[in-house]
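Participant: coords below, sequence missing:
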């Protein structure tokens, strides 16, 4: 696939942004390429276009599929596997939020609950106040994330307008 300068810039920018989502640059670049590709791409095309190894490509495509951002696409008569990204940015944002919640927020909440049951921690009143404050904040963020993940676009815009 031949990329224009603007396509290359988009892929580079999306790759950099991926670090903010908690994914690696290559995974984000593959996602960007599949986002802008007019047709499904196979592993070979992805490798050649982004100049990355087969192993790196396969591993990151599997991760994108696990995140729900990419699907396999069957082409009649072809033995190769083709891949296509979800194109709706609202769906993409919710899938990323879901994964970040699972990978980042849920473990923190679990750790804070465990700390609160530790007898040594319970004897330090000031420490327990900080842990409780952080836990309450994290639980509020978790509820917001849960609503966002389950929401539709109109709900989000209504909530955003209320905040503004």
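Facilitator: Right, received. Where do you want to start? Because the structure is a prediction, the values reported are computed rather than measured.
Participant: quick one, domains of this structure?
Facilitator: Domain assignment for the chain by automatic domain parsing gives 5-85, 89-163.
Participant: please enumerate the helices of this structure.
Facilitator: 5-21, 25-36, 43-50, 54-67, 89-100, 106-117, 119-122, 125-150, 153-163 (DSSP state H).
Participant: enumerate every residue touching the residue nearest to residue 103 when sequence neighbours are not counted.
Facilitator: Distance criterion CB to CB, 6 or more residues apart in numbering; nearest residue to residue 103, sequence neighbours excluded, is residue 22 at 6.2 Å. The C-beta positions use only the backbone N, C-alpha and C, and glycine is treated the same way. Residue 22 is in contact with 99-100, 103-104, counting by CB atoms under 8 Å, 6 or more residues apart in numbering.
Participant: drop anything exposed from those.
Facilitator: Neighbour counting with 16 or more other CB atoms under 10 Å marks 99-100 as buried within those.
Participant: just put the contacts of residue 22 in a markdown table and tack on pLDDT and distance to residue 10.
Facilitator: What follows is the contacts of residue 22, written out as a markdown table (pLDDT from 0 to 100; distance: CB to CB, whole Å):
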| residue | pLDDT | distance to residue 10 |
| --- | --- | --- |
| 99 | 91 | 22 |
| 100 | 89 | 22 |
| 103 | 89 | 25 |
| 104 | 89 | 26 |
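Participant: one step back: got phi/psi on the residue nearest to residue 103?
Facilitator: Backbone geometry at residue 22, expressed as degrees, to the nearest 10, gives phi 90, psi 20.
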